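Asks: The following block contains a protein sequence and its predicted model.
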Amino acid sequence: MSGFTEIQSRAAPVSSTGAIGWIRQNLVSTPMNTFFTLIGVYLIYKFLPPLLDWAIFSANFAGSDEHACNSGGACWVFVKQRASLFIYGFYPSEQYWRLDAVFVLLAITFVPQFFDAFPYKKWFGIFSITGLPVISYFIISGGILGLEHVETESWGGLSLTLIIAFVGIVAALPFGVLLALGRRSNMPIIRTMCVIFIEVWRGVPLISVLFMASVMLPLFLPEGVTFNKLLRAMIGIVMFQSAYMAEVIRGGLQAIPKGQYEAASALGLSYWRSMTFIILPQALKLVIPGIVNTFIALFKDTTLVLIIGLFDVLGAVQSAIVDPNWPGVATEGYVFAAFCFWIFCFTMSRYSMRLERKLHTGHKR
Amino acid sequence: MAEVEKNILKPSKPSPWNDPAVRSMVFQAVALIAVVYFFYIIFQNTLHNMETRGITTGFAFLDKSAGFGILMSLIEYDESHTYGRTFLVGLLNTLLVTFLGVILATSVGFIIGVARLSSNWIISRLAAVYIETLRNIPLLLQIFFWYFAVLQVLPGPRNSLEWQETFFLSNRGFYAPAPVFEEGSGVVVGAFILAIVLIIAIARWAHKRQEATGQQFHTVYVSLGILIGLPTIVFFLSGMPIGIEYPELKGFNFKGGTNIIPELMALLWALSFYTAAFIAEIVRAGILAVSHGQTEAAHALGLRNSPTLKLVVIPQALRVIIPPLTSQYLNLAKNSSLATAIGYPDLVAVFMGTTLNQTGQAVEIVAMTMAVYLAISLTISAFMNWYNKSKALVER
């Protein structure tokens, strides 16, 4: 029996904390992983520097005409020069303050929604879908209180995009509620009518709805009655959107436990009373994230109105990039338009995700 | 006995205007009459308006000669064909872009979705950037970007980007070699079909044998061998009856080969990459929905990584993925109608655009177009419902 044998002390364990540990775990844990890291780094190396160079370092910011764009980078001068067209369309320039006022109102009513403890937050929200559209309409259209009347033909740009999207969602909400209730009704004729309406509008592309609104609607109206182009497009969008809204709200109605319906009946509430006071407040609250998501989809879909000749932000960009004075600025124009949409959509999708997390407190899996 | 009790407990009959049954009848009758009256008014107005504008009604226009050319057609078409034929041309072009779009979007979407879940930080971040960028930008804008900012500024056919003098990319589109089926090529096609039949038979036999004995068979390798080998052998034995036609620059454009027009490319890319961003999120949610315990259990049973994925995780994830995936396919089919904005001759551009402008038959044409999209939507959702049912959890 031999006595004491000395064991070599082991090496210290591989670091699993700090920057080195993080790299070990997330970037080079296996040969395959290292390979992917290399691919990722290569992609970034290949695309990011040229992109940054184009967009920032060799881009042109200063100047006032096309001669300022000579360095080979992005020509942001173009966007700067055309910004008022992109944002206000053909709205008379001395009246821009009216659109600005509406933008400010919009911000005042919506910003509180992002803060949990903002006082009277709920009332701001309710005002934004009831009072705000009416007030905004009178500010933008004018014709009262000494405001000059502005024809809808001169509405355009980002403001028109916002108007269409906002009207689309606000007007579709009540129709959506009615259709959703109708689809869940016990009355077979009402239910069938609602199902047909919803499925037909959901089954056809928005563009065909817009075509229908612009070429068929005038045929449907009695002689002498005409709708302007914007109103026709809006009727199409609202019909289309209310079908999608109905499906979202139906999801909320289905999520309300049956006991709530029964309890409302047991209290002796009539159908409409139980809906308005018991079911809908709960169901609508549940589906706010869904409504925000439909709004995002609608917001992106508003670009389609340029096909029937309305002048939204993409239409404004599209018309500005074919200007022979500014050759080769298509990408800059599209990047600007994309940025406008991206900011709105990304913010809203984050908002809806946050809301979803907040609403799913009790029964998170 | 029960009858008697029921009678005792029965509440007094309410007055007719408070009786739910009566109310519901009245309510439905009123709604029905209102809707019928609404459509009647619209119908009358339309007839009247069309009369004053001198538009005839009916589908007789479908047999008239169209007299306009179409950029791209899968079937034979020229100016002398009828309006009915333009409908068919447009419909086929729509179906083509939808079909290609579904395949491309699904493949890109699955790759990005899996990459988003990767344990590799860089890969997962890159996938997140892709998803968040593309799905928050309107599709029409993306189509315009690809068409006007990328494909239109490519050099002309004379200076086109080329690869090995076989593939050419210019502002006239993408040109690639095309197969030419000469006499006797039927044998090769026949061999290909035979190979497919053989593979199905082998797969069935292998499945049966594994059920009975537990022995596995290398179906994949054998199938690949048959699929590639058999037609190749027949091809050489029959004296190489299938040739290749290379695109050649003649005058101002290429002749020969297959051509993908830039409109189709722009539409296809934009549609697929946009939809892929949504599919990626769906795939991610689906895979996350399978609890990690399933993977651990499979490993504990001795399954390796790849059978774990194939036999345990993916079948369960598919159940969560398929319903939303269906609606993405439906969206893709409907969004293909944006083709009209860049002039790809799809159903909306050809039929609801040019044909409508020439004939003025708004009601018939819009109704036909909407009916087609409705039919496509219903078909896709019926197919996916059937597929979903076959994958659904079988509960006792």
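Replies: Yes, it's here.
Asks: Now the residue nearest the centre of chain B. Nearest residue, chain neighbours left out?
Replies: Residue closest to the mean C-alpha point of chain B, counted by Cα atoms, centre = their mean, is B:Thr98 at 3.7 Å. If the residues on either side of it in the chain are set aside, B:Thr98 comes closest to B:Ala333, at 4.7 Å by Cβ to Cβ, 6 or more residues apart in numbering or on different chains. Quick note: C-beta positions are derived from backbone N, CA and C, even for glycine.
Asks: name the element the one you found belongs to?
Replies: helix B:314-335 (DSSP states H and E).
Asks: Show me what that helix is packed against.
Replies: helix B:83-116, helix B:262-289, helix B:362-391 (3 or more Cβ pairs under 8 Å, 6 or more residues apart in numbering or on different chains; DSSP states H and E).
Asks: could you dump that helix to CSV, C-alpha only?
Replies: This file holds the C-alpha atoms of helix B:314-335, laid out as CSV (Å, rounded to 0.1, in the frame of the first residue of the first chain):
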residue,chain,number,x,y,z
ILE,B,314,-42.3,19.5,-35.2
PRO,B,315,-45.6,17.4,-35.2
GLN,B,316,-46.7,19.2,-32.1
ALA,B,317,-45.6,22.6,-33.3
LEU,B,318,-47.4,22.2,-36.6
ARG,B,319,-50.7,22.0,-34.8
VAL,B,320,-50.1,25.5,-33.4
ILE,B,321,-48.6,26.8,-36.7
ILE,B,322,-51.1,25.7,-39.3
PRO,B,323,-54.2,27.8,-38.5
PRO,B,324,-52.3,31.1,-38.6
LEU,B,325,-50.2,29.9,-41.5
THR,B,326,-53.4,29.4,-43.4
SER,B,327,-54.5,33.0,-42.9
GLN,B,328,-51.1,34.1,-44.1
TYR,B,329,-51.4,32.1,-47.3
LEU,B,330,-54.8,33.7,-47.8
ASN,B,331,-53.3,37.1,-47.2
LEU,B,332,-50.6,36.3,-49.8
ALA,B,333,-53.2,35.3,-52.3
LYS,B,334,-55.2,38.5,-51.7
ASN,B,335,-52.1,40.7,-51.6
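Asks: quick one, that helix and helix B:362-391 angle?
Replies: Here the directions of helix B:314-335 and helix B:362-391 differ by 180 degrees (axes from the mean of the first three to the mean of the last three Cα atoms, to 10 degrees).
Asks: what is the mean pLDDT for the helix or strand following helix B:314-335?
Replies: Proceeding N to C from helix B:314-335, the next assigned helix or strand is helix B:347, under DSSP H and E. Averaged over helix B:347, pLDDT sits at 88.
Asks: Quick check: buried residues in the next helix or strand after helix B:347?
Replies: Counting by DSSP H and E, the element after helix B:347 in chain order, helix or strand, is helix B:356-359. Within helix B:356-359, the residues that count as buried by 16 or more other Cβ atoms under 10 Å in any protein chain shown are B:Leu356, B:Thr359.
Asks: Please compute how far helix B:356-359 lies from its chain's middle.
Replies: In terms of Cα atoms, centre = their mean, to the nearest Å, the centre of helix B:356-359 is found 28 Å from the chain centre.
Asks: For it, list the C-alpha coordinates in PDB.
Replies: Output of helix B:356-359 as PDB, limited to C-alpha atoms (Å, rounded to 0.1, in the frame of the first residue of the first chain):
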ATOM      1  CA  LEU B 356     -63.200  47.200 -67.300                       C
ATOM      2  CA  ASN B 357     -61.900  50.400 -68.800                       C
ATOM      3  CA  GLN B 358     -62.500  49.200 -72.300                       C
ATOM      4  CA  THR B 359     -65.900  47.700 -71.800                       C
END
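Asks: what's in contact with it?
Replies: Contacts of helix B:356-359 with the rest of the structure, by Cβ atoms under 8 Å, 6 or more residues apart in numbering or on different chains, involve A:Phe211, A:Val215, B:Phe61, B:Lys64, B:Ala66, B:Gly67, B:Phe68, B:Tyr83, B:Ala362, B:Ile365, B:Val366.
Asks: hmm, 10 Å instead?
Replies: A:211, A:215, B:55-56, B:61-62, B:64, B:66-68, B:83, B:86, B:348, B:350, B:362, B:364-366, B:369 (Cβ atoms under 10 Å, 6 or more residues apart in numbering or on different chains).
Asks: What subset of those residues is buried?
Replies: Of the contacts of helix B:356-359, these count as buried by 16+ other Cβ under 10 Å: A:211, A:215, B:55, B:61-62, B:66, B:83, B:86, B:348, B:350, B:362, B:364-366, B:369.
Asks: for these, which one is nearest A:Gly268?
Replies: For those, the closest approach to A:Gly268 (Cβ to Cβ) belongs to B:Val366, at 48.7 Å.
Asks: The closest one contacts B:Met352, correct?
Replies: Yes. Here B:Val366 reaches B:Met352: they are 6.5 Å apart, a contact under Cβ atoms under 10 Å.
Asks: so what sits against both of those two?
Replies: In contact with both B:Val366 and B:Met352: A:Ser208, A:Phe211, A:Met212, A:Val215, using Cβ under 10 Å, 6+ apart.
Asks: Test my guess that the last one contacts A:Ala233.
Replies: No. Taking Cβ under 10 Å as the definition, A:Val215 is not a contact partner of A:Ala233, at 11.9 Å.
Asks: Need the residues touching each of those two.
Replies: A:Ile308.
Asks: show me what contacts A:Arg257?
Replies: Check again: residue A:257 is Pro, not Arg. Neighbour list for A:Pro257: A:Ala263, A:Gln282 [criterion: Cβ under 10 Å, 6+ apart].
Asks: quick one: it from A:Leu284, how far?
Replies: 16 Å (Cβ to Cβ, to the nearest Å).
Asks: What score does B:Phe144 have for pLDDT?
Replies: Value listed for B:Phe144 in the pLDDT field: 90.
Asks: Same check on A:Tyr334?
Replies: Value for A:Tyr334, per-residue pLDDT: 88.
Asks: what's the closest non-adjacent residue to it?
Replies: Nearest one to A:Tyr334, counting by Cβ to Cβ, 6+ apart, is B:Phe145 at 4.8 Å.
Asks: Isn't that neighbour up against A:Thr331?
Replies: Yes. Between B:Phe145 and A:Thr331 there is a contact under Cβ under 10 Å: 7.5 Å.
Asks: So for these two, which sits in the more crowded spot?
Replies: B:Phe145 (22 against 18; other Cβ atoms under 10 Å in any protein chain shown).
Asks: which one of the buried ones among the contacts of helix B:356-359 is nearest B:Ser107?
Replies: Using Cβ to Cβ, B:Val348 comes nearest to B:Ser107 of those, at 26.2 Å.
Asks: quick one: which helix or strand includes the residue in the stretch 51-200 of chain A positioned nearest to chain B?
Replies: Scanning the stretch 51-200 of chain A for the residue nearest chain B gives A:Ile189, at 4.2 Å (criterion: Cβ to the nearest Cβ). Element membership of A:Ile189 [criterion: DSSP H and E] is helix A:188-203.
Asks: number of nearby residues for B:Lys250?
Replies: Around B:Lys250 there are 10 residues (other Cβ under 10 Å).
Asks: just checking, it touches B:Gly256?
Replies: Yes. In this structure, B:Lys250 is within contact of B:Gly256 by Cβ under 10 Å, at 8.5 Å.
Asks: If we ignore the residues flanking it in sequence, what's nearest B:Tyr147?
Replies: B:Ala266 (3.7 Å).
Asks: Quick one: residues contacting A:Ala68.
Replies: Contacts of A:Ala68 by Cβ under 10 Å, 6+ apart are A:Asn60, A:Phe61, A:Ala62, A:Cys75, A:Trp76, A:Val77, A:Phe78, A:Lys80, A:Gln81.
Asks: are any of those residues buried, and which?
Replies: A:Asn60, A:Cys75, A:Trp76, A:Val77, A:Phe78, A:Lys80, A:Gln81.
Asks: correct me, but the second one touches A:Thr331?
Replies: Looking back up the chat, that one is A:Cys75. Yes. Here A:Cys75 reaches A:Thr331: they are 9.0 Å apart, a contact under Cβ under 10 Å.
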